[in-house]
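Asker: fold the following.
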Amino acid sequence: MKSGRFVFSVLFGVASLAMSAGAYAQDHSILSGMPGYKVDGRKVVDFGNFQDGGVFYCKPDVTCSEKNIGFDEQGHLAAEGKVTSINYSTSSSAGTLAVFRNYENAIKGLGGRRLTYTHGHEGSNVFLLEKKNVKIWVVLENNYDSGYKLTYIEGKPMQQVVTAGQLSDAIAKKGYATIYINFENNKSDIKSDAKPTLDEVVGLLKKTPDLKISVDGHTDNVGAANTNKKLSQSRAQSVVNALVASGIDAKRLQSKGLGSEVPVADNRTEEGRAKNRRVELVKVK
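Answerer: This is a model prediction of the structure:
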């Protein structure tokens, strides 16, 4: 019974959104740490994804898939955005069950839900919150009495501000220009926030009627190479289709999928993988 009272008393501290500076200054603004636990490490990446997990299960013996929000077809958490990872440690453990129940109930209290399934309360679980129309994935890694880890992925696409003039300059100097187009997860559907960038590409092509380009799709190295190559091809073709729909002659356009074969940054880091997921507009002679 003593441990039961501890669990419920902790709940109010965990779910608190308004935290004072000082002891909890390194906590995330959404959830605080368990009483008796201290922040033992904190890392923030402005744009990245979750790197610590393998395959997640969304039902007993059923791996998560692209049908589950934020996951890819292989069951990995693929959500992208601002990533905050916080390690907590303690010399006086409340127990892994207390940690799991408190965060599960706290997230439910904030309107969130658990996305994944584990046998028991230990292991890694993914939760989803929506705050001001922003999806926030919270990963609780809860394996040891000595501590646990929370990772927050605040969903946002990689943004790019580019003009037709900048694209023209890049093609003149290097023979190609790089753009970042946001697609639906593991699909070739172009997201609506890509319209300003595509409009600039259309503007470039209309101002230079003799210019012919190959739209080359690139991915990072996460997942199977053949799958990535097919996906990059279909995404490149989607960009071509969008340009044609905006009045560009299809004869001036080609599409090519290169998958992860031509990286421009280190695939071992979140930032590198984000840079490698790109579209290049290559001048065709």
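
Asker: what's the first helix or strand after the helix ranked longest in the chain?
Answerer: Longest helix of the chain, by residue count under DSSP state H: helix 225-245. Under the assignment DSSP states H and E, the closest C-terminal helix or strand after helix 225-245 is strand 253-257.

Asker: ok, back up a step: any idea how far the longest helix of the chain is from the middle of the chain?
Answerer: On the basis of CA atoms, centre = their mean, to the nearest Å, helix 225-245 sits 20 Å off its chain's mean C-alpha point.

Asker: so which elements touch it?
Answerer: The contact analysis (3 or more CB pairs under 8 Å, 6 or more residues apart in numbering; DSSP states H and E) places helix 225-245 against helix 195-207, strand 213-217, strand 253-257, strand 279-283. C-beta here means a position set from N, CA and C on the backbone, and glycine is covered the same way.

Asker: from what I can see Lys256 touches Val215, true?
Answerer: Yes - using CB atoms under 8 Å, Lys256 is in contact with Val215, at 7.2 Å.

Asker: and the two? Which one has more around it.
Answerer: Val215 (25 against 16; other CB atoms under 10 Å).

Asker: quick one: that one and Val279 touch, right?
Answerer: Yes - counting by CB under 8 Å, Val215 touches Val279, with 6.3 Å between them.

Asker: who touches both of the two?
Answerer: 236, 239 (CB atoms under 8 Å, 6 or more residues apart in numbering).

Asker: what's around Asp52, how many residues?
Answerer: 11.

Asker: for it, give me its contacts.
Answerer: Contacts of Asp52 by CB under 8 Å, 6+ apart are 85, 124, 139, 141, 149, 151.

Asker: which SS state does it fall under?
Answerer: coil (DSSP: H, G, I helix; E, B strand; the rest coil).

Asker: next one: it relative to Asn185, how far apart?
Answerer: Remark: distance between Asp52 and Asn185 (CB to CB, to the nearest Å) = 19 Å.

Asker: just Leu258 next, same as before
Answerer: 20 Å.

Asker: please apply the same query to Ala98.
Answerer: Distance, Ala98 to Asn185, by CB to CB: 34 Å.
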